[in-house]
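Chemist: structure for this input, please:
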Amino acid sequence: MIQRSSGGAGPPAPIENATAKLAPPGLAAAVVSTGGAAEIVTSGLADVRTLRPVSAQLIASCAGQPFCEFVRSELLEPLGMSRTGFEHARAPADVATGYWRLPPGGRAALRPMLPPGIVGQRTRDLVSFRPFYVNGPPYGGLVGDVHDAARFLALHLGCGAAFGQRLLSAESAIAMRTLTTKGRRLTTGLGWWRRHESGDAGGLVEHLGGGGAYRNLMRLYPARGQAVVMFGNLTRYPVEALAGTVSSRAN
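Modeler: Next up is the predicted model:
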């Protein structure tokens, strides 16, 4: 795992084309508790993006198998994350279309910045993105749904054990969410962080992801025995405020 502390914004990750069914803008969220999972309807820095491929190579060398195969065999398959993988063929057929809210002229300005075929049609102030891959599995290459992400959170909520299997030692899982490094805006652990202005809120730690046309959030409340994951197919929306609302209504 790569530790980060500055909390700044890095350059966009390289992306490439993919093909999938289009869907309207929407939001999915799930709440996980120690009693089970139930759906409630409703990142990265330049140095991190440089170091994550190095970490992936170290994992591959130690494991004696390619990084993507290691993730599948040691994480996705044991957790039953059957709708998550490194390509759309392993993801649901109804992959959500991503959208970016842009002013007039924004679509024309955006097209030269991205590989051909990614920028789609404009509907009012929303510009669609055709499905794409992040060209680098270690820093955002997984494609999946909110239900599978909830299974991943159950692993961390269970201190490394979920669905009758232990994939991490309890000590490792707790160490990952222990916040030890204070940066300009974030206090970080290993993969988890919290903004300085946030209260403890049940030991709150979170991981935010997204970029062009998507924004996602995973949040743990270990002291409450609760976690929230939110996937949205819009570049910007108040994901952290919404996650807090979902969590409070689930109590």
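Chemist: tell me what the residue nearest to the spatial centre of the chain is bridged to.
Modeler: Centroid-nearest residue in the chain: G209, 4.6 Å away (criterion: CA atoms, centre = their mean). Beta-bridge partners recorded for G209 (DSSP bridges): N216.
Chemist: quick check, it in contact with L217.
Modeler: Yes: G209 is within contact range of L217, at 7.5 Å (criterion: CB atoms under 8 Å). To be clear about C-beta, it is placed using only N, CA and C from the backbone, and glycine gets the same treatment.
Chemist: all helices for this structure, in order.
Modeler: For the chain, the helices defined by DSSP state H cover 46-63, 67-71, 106-110, 146-157, 170-176, 239-250.
Chemist: circling back: any idea how far C159 is from the residue nearest to the centre of the chain?
Modeler: Taking CB to CB, to the nearest Å as the criterion, G209 is separated from C159 by 23 Å.
Chemist: then V246?
Modeler: Applying CB to CB, the value for V246 to C159 is 23 Å.
Chemist: which of the helices of the chain sits most buried?
Modeler: Across those, averaging neighbours per residue (mean count of other CB atoms under 10 Å) puts helix 146-157 on top, at a mean of 22.
Chemist: so L102 versus N216, what's the distance?
Modeler: Per CB to CB, L102 is found 20 Å from N216.
Chemist: neighbour count for those two, which is higher?
Modeler: N216 (20 against 17; other CB atoms under 10 Å).
Chemist: contacting residues for that one?
Modeler: 149, 208-210, 229-232, 239 (CB atoms under 8 Å, 6 or more residues apart in numbering).
Chemist: from these, which shows the smallest pLDDT?
Modeler: Within those, pLDDT reaches its minimum at G210, with 78.
Chemist: please tell me I have it right and that one contacts N233.
Modeler: No: judged on CB under 8 Å, G210 makes no contact with N233 at a distance of 9.8 Å.
Chemist: okay, now L220: neighbour count?
Modeler: 24.
Chemist: that one pairs with what?
Modeler: V205, A227.
Chemist: next up, the contacts around it.
Modeler: 153, 156-157, 177, 192, 203-206, 226-227.
Chemist: cool, and P138?
Modeler: 52-53, 55-56, 67.
Chemist: show the model's pLDDT score for S43.
Modeler: pLDDT at S43 comes out at 36.
Chemist: with F132 instead?
Modeler: Looking at F132, the pLDDT reads 80.
Chemist: so what does Y237 look like in phi/psi?
Modeler: phi -160, psi 160 (degrees, to the nearest 10).
Chemist: so it makes contact with Y214?
Modeler: No: assessed by CB under 8 Å, Y237 is found out of contact with Y214, at 10.4 Å.
Chemist: compare the two (neighbour count), which wins?
Modeler: Looking at Y237 and Y214 with other CB under 10 Å, you find the greater number of neighbours at Y214, namely 20 against 16.
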